[in-house]
Every structure is written in C-alpha cells, then in structure tokens.
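> this one's sequence-less:
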Ligand code: PMP
C-alpha cells in the first residue's frame, strides 16, 4: 500500500521518493490539485486568526459568511441559503431532516446504485442491498426506484417528502441522468409537493465542465448537497436551499440541526480560496477537451465502454479481476487510479482539473500498457 509523504499539483510522492500521477483526486476532492498555494495560504491565515469558536450559529464567523455568499452568487435565487456541515453524509442527513419537516411527510425516494454517505440515515438511501443489510433496521419509509426509468416516477406521490438523486451517479460508475428523465422528475416533484434533492458531492466544482452539473440541464433542485471539493481539501459539506425552506429548521425546535464543527472557519477559508481560484482560472472551460482526449487515447478491445461526464470517467472492463490487475499495474507504473463502489469492473478517472494534455497523454500511455500487459498475461 502506498504511503504518501507529500503531494503537489497532480502528483503524489511516496516515502521512498517515487512520483505518482493522481487520476482520482481523493475521489473528486482536490479539483485544483494538491497543496494549491492559495489554499495553503488561506489555511495558514485563518489558523492564525482563529480556529473553532463555538457551536455553529451563536457567533458570526466571517469565513462562513463570506463563503456562503460566494456560493450563493453562483447559484440560482432558490439556492441562496447555505447550511455548512462536516461531510457529504451529514449534508444528506440535514437535507432529509429539512425535507421531512418542511413537507410534513416521512417517505424518501432514492435510486438504485445511489450513494449519499455512510451514516445510518444516508445508508438508508444506498442503492445496494449488500451494503445496507448488516445494519438493518435503518430508516423506515424509504423507497428505491430505478435510475432513468420515467415509468417508476409514479412511485413519487403525495406521501413523498423528497427524492434524492445524483444528476450523475458517481459510485454507480458514472451514470448520467438523461435530461428528459430529470425534467420528468422535476415535474413529478412539483405535482406531488415532494422536494427534489440533488447530491453533487462528486460532480460540483467544474468536474463536468460547469460549476454544478445541474446547470447542464436547466433544472433546479429544491435542495443541493455539496461536499468533497467544497472544502478545498479540508472536511466540509453543505445542504443548500431557499431562505424560506431553510427557515423550517430554526423553529419548533429552534435548533433543527446542530453541528459543533460544521462550517469550521479553516475549512470555509480553504474552500473559499479554492473556489475563488477556480472561478478566476480557465480550467472549467477545458474540461470537455480533456475528457475528449482521454476518450480518444483510451481505445482498446478490452475496454467494453467508457462512460463520462467531463473529467469523471468510468472505463469498463469484463470483470473486477481484470480491472483490479490493470489498476495495480498502473499504480506500479506511477499512475494512481481505482474502481467504483458499485462498478468494480470500471476504472475511475477523476483527476484534478489542472491536469495538462501532456499529463493526460502520459496517464493514458500507462493505462494502455497496463491493459496490454494484463490481457497478454491472461492468455498465457
Ligand atoms: N454523496 C455522494 C454522491 C458521494 O459520492 C459521497 C462520498 N463518496 C457522499 C455523498 C458522502 O460523502 P462523505 O464521505 O463526505 O460523507
């Protein structure tokens, strides 16, 4: 197993001084690469001013306020109230509580092969029986329906508090919701009064070529979940809604969601620095070209399919055994990648957005060599 000593840009350096090209960004976290100077400076500066002061809410903590404002400036009016938490799973928990209280309903609908986190509430919405089974009973009143199957939307009814969806399912191996499906889902939620929750933990911050994946579809959710890249490499999550909707959590009881460290000042400062650097850069504009370059260079009879949404790609092989060997060979040759939770036969590519064309070519050369090596040795 690798032991990383330092990380800089798109590279990880092991204890023995070997250099590895990072094709997964800590699962879509380090979108600017590692140790971006603006993020490191922001962390140092905020650490010198203050760390944790009080449970979230009692004092105004300017790093939270500034970052929430910046996010709101880049989101529709309906998504202008940001509640910072610690992680993606806590963001899902907050959204479930908000939806249940706002709608006065308990049912939550989610999709097959969905992933929203590993706490007991979030785990109740996991589209995998295997991962859920050992921890039963979980939340009652949850209902799984099929992703991209419009006919299943009739299961969303007047009893449904909310529907959770990843506009691009990450752990399912990059499965993109079709525009028509999302439109039908939005309509069904409007008809029934169910709230629509988009989980963009993996797809936000330019990963798909737009700041948020939902911008591609012109469909706005009622609640947006952010995590992973949100803290610029520090732990931070958020659930975001309108001011009116979020107000539901501040009465009866007044403390609808309590989190000691949620919105930690250092994490907010780091996230703000990363997002500011991203917005000032041209990296998002190049995402689609870089995606196309990966797709152009990764052509091999052993590759069954490539599914992608910007710089989030799943390269599908016959089996987990083959995929695993290819991944091991890539790592041995200095390219870090892995598979997906619900798509073990797919190799994950989600590099920092700053990856250059030359680095993509080098990564693809190593992957192609690994595929040849594994396929040749399989025949023997
Ligand atoms: N939602 C999605 C779509 C995710 O991919 C993840 C993490 N893989 C989470 C939520 C949970 O985030 P965390 O691990 O920060 O709880």
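Arrived safely, thanks for sending. Keep in mind it's a predicted model, so treat the numbers as computed, not measured.
> ok, whatever residue of the stretch 251-380 of the chain ends up closest to the ligand - contacts?
Residue nearest to the ligand within the stretch 251-380 of the chain: residue 341 (7.6 Å; Cβ to the nearest ligand atom). For every residue, glycine as well, the C-beta is placed using N, CA and C. By Cβ atoms under 8 Å, 6 or more residues apart in numbering, the residues touching residue 341 are 115, 128, 131, 171.
> skipping adjacent residues, who's closest to the second one in space?
Right, the one you point to is residue 128. Once flanking residues are discounted, residue 128 sits nearest to residue 342: 6.0 Å by Cβ to Cβ, 6 or more residues apart in numbering.
> equivalent analysis for the first one, please.
Spatial nearest neighbour of residue 115, excluding adjacent residues (Cβ to Cβ, 6+ apart): residue 171 at 4.1 Å.
> next one: the third one
Across the structure, with Cβ to Cβ, 6+ apart as the measure, the residue nearest residue 131 apart from its sequence neighbours is residue 123 (7.1 Å).
> with residue 366 instead?
Closest residue in space to residue 366, ignoring its immediate chain neighbours: residue 335 at 4.4 Å, by Cβ to Cβ, 6+ apart.
> wait, doesn't the residue nearest to residue 128 sit right on residue 175?
No: with contacts counted by Cβ atoms under 8 Å, residue 342 stays clear of residue 175, the gap being 9.4 Å.
> between the two, which contacts overlap?
Listed as contacting both residue 342 and residue 175 by Cβ under 8 Å, 6+ apart are residue 113.
> re earlier: per-residue pLDDT, the residue nearest to residue 131?
Listed pLDDT for residue 123 reads 98.
> and the residue nearest to residue 88 when sequence neighbours are not counted, how many neighbours does it have?
Among residues not flanking residue 88 along the chain, residue 227 sits closest, at 3.2 Å (Cβ to Cβ, 6+ apart). Residue 227 sits with 28 neighbouring residues when counted by other Cβ atoms under 10 Å.
> thought residue 91 was touching residue 227, still the case?
Yes: using Cβ under 8 Å, residue 227 is in contact with residue 91, at 5.6 Å.
> so what's in contact with these two at the same time?
Counting by Cβ under 8 Å, 6+ apart, the shared contacts of residue 227 and residue 91 are 201, 237-238.
> return the member of those nearest to residue 321.
Using Cβ to Cβ, residue 201 is the member of the shared contacts of residue 227 and residue 91 that sits closest to residue 321, with 28.9 Å.
> torsion angles phi and psi at the closest one?
Residue 201 adopts backbone torsions of phi -60, psi -40, taken as degrees, to the nearest 10.
> list the residues that contact it.
By Cβ under 8 Å, 6+ apart, the contact set of residue 201 is 28, 88, 91, 116, 166, 170, 225-228, 237.
> which ones, among the residues you listed, also lie beside the ligand?
Contacts with the ligand within these, counted by Cβ under 6 Å from any ligand atom: 88, 116, 166, 170, 227, 237.
> from the residues you listed, which ones fall inside strands?
residue 237 (DSSP state E).
> ok, for residue 113, nearest residue in space, not its chain neighbours?
Of all residues not flanking residue 113 in the chain, residue 172 sits nearest, at 3.7 Å (Cβ to Cβ, 6+ apart).
> so the one you found is in contact with residue 344, correct?
No: Residue 172 is beyond contact range of residue 344, at 11.3 Å (criterion: Cβ under 8 Å).
> returning to what we had before: most neighbours of all the contacts of residue 201, which one?
residue 91 (32 neighbours).
> which residues sit in contact with it?
Per Cβ under 8 Å, 6+ apart, neighbours of residue 91: 85, 117, 199, 201, 225-227, 237-239.
> where does the stretch 251-380 of the chain have low pLDDT?
For the stretch 251-380 of the chain, the stretches with pLDDT under 70 are 379-380.
> all strands of it, in order?
Using DSSP state E, counting those that start in this stretch, the strands of the stretch 251-380 of the chain run over 305-308, 313-316, 335-336, 338-340, 343-349.
> okay if I get these as TSV plus distance to residue 299 and mean neighbour count?
Putting the strands of the stretch 251-380 of the chain into TSV (distance: least, Cβ to Cβ, whole Å; neighbours: other Cβ atoms under 10 Å) gives the following:
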stretch	distance to residue 299	mean neighbour count
strand 305-308	9	16
strand 313-316	11	23
strand 335-336	17	24
strand 338-340	20	21
strand 343-349	14	23
